[in-house]
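Trainee: need a structure here:
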Amino acid sequence: MACRISELVIDAADPDRLAAFWSDVLGYVELDREGDGSIAIGPPDAGFGGPQPILVFSPASDPRTEKLRLHIDVNATDRDQDAELERLLALGARPVDIGQTGTESWHVLADPEGNEFCLLRTRLKPL
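Mentor: Numbering: from 1, shown residues only. As a prediction, this is how the structure comes out:
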């Protein structure tokens with residue numbers, strides 16, 4: 001038997017802001033709020049333990065000082081990459097240069113707190 005990723009926990013200076021951003025990006029909804037200020041978001045019809053991992057934004061006041069060692073990749077499900085890039089930028093993502101050559105088939109972006117993520121070219125079927 002193997003493990004499954006059930007949730008990704010992301011430190012956040014403003015958990016509300018990141019939960020709202022990533023809910024818009026992924027079509028997720030708020031699932032839970034903890035007393036410590038953590039906010040869990042996930043697919044509206046599945047929640048924890050479903051086919052996709054949930055995201056938990058945990059309050060943290062420590063400033064990030066270097067590039068993340070882990071990042072999220074996303075793929076559009078209902079539009080091409082250019083249209084999805086426009087949507088993500090309108091939601092508050094911003095382009096980030098981490099040394100790309102300009103020939104990549106993906107876009108490197110950052111969420112409102114500077115966490116890098118990539119928009120890949122391939123369109124995936126919705127779950």
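
Trainee: contacts, neighbours, all on C-alpha from now
Mentor: OK.

Trainee: could you pull out the strands in this protein for me?
Mentor: Along the chain, the segments classed as strands by DSSP state E run 7-12, 29-33, 39-42, 54-59, 72-75, 94-95, 107-110, 116-120.

Trainee: give the full set of residues in contact with the residue nearest to the spatial centre of the chain.
Mentor: Centrality entry for the chain: nearest residue to the mean C-alpha point is Trp22, 5.1 Å, by Cα atoms, centre = their mean. Residues counted as contacts of Trp22 (Cα atoms under 8 Å, 6 or more residues apart in numbering) are Tyr28.

Trainee: same thing but at 10 Å, please
Mentor: 28-29, 41-42, 55, 57, 88, 91, 111-112 (Cα atoms under 10 Å, 6 or more residues apart in numbering).

Trainee: any idea how far the residue nearest to Asp80 when sequence neighbours are not counted is from Asp97?
Mentor: Closest residue in space to Asp80, ignoring its immediate chain neighbours: Arg123 at 6.7 Å, by Cα to Cα, 6 or more residues apart in numbering. According to Cα to Cα, to the nearest Å, Arg123 and Asp97 sit 23 Å apart.

Trainee: who has more neighbours out of those two?
Mentor: For Arg123 against Asp97, the residue with the higher neighbour count under other Cα atoms under 10 Å is Arg123, and the figures read 15 against 12.

Trainee: how many neighbours does Phe117 have?
Mentor: Using other Cα under 10 Å as the criterion, Phe117 is surrounded by 20 other residues.

Trainee: what sits against it?
Mentor: If a contact means Cα under 10 Å, 6+ apart, then Phe117 has 68, 70-74, 93, 95-96, 107-111 as its contacts.
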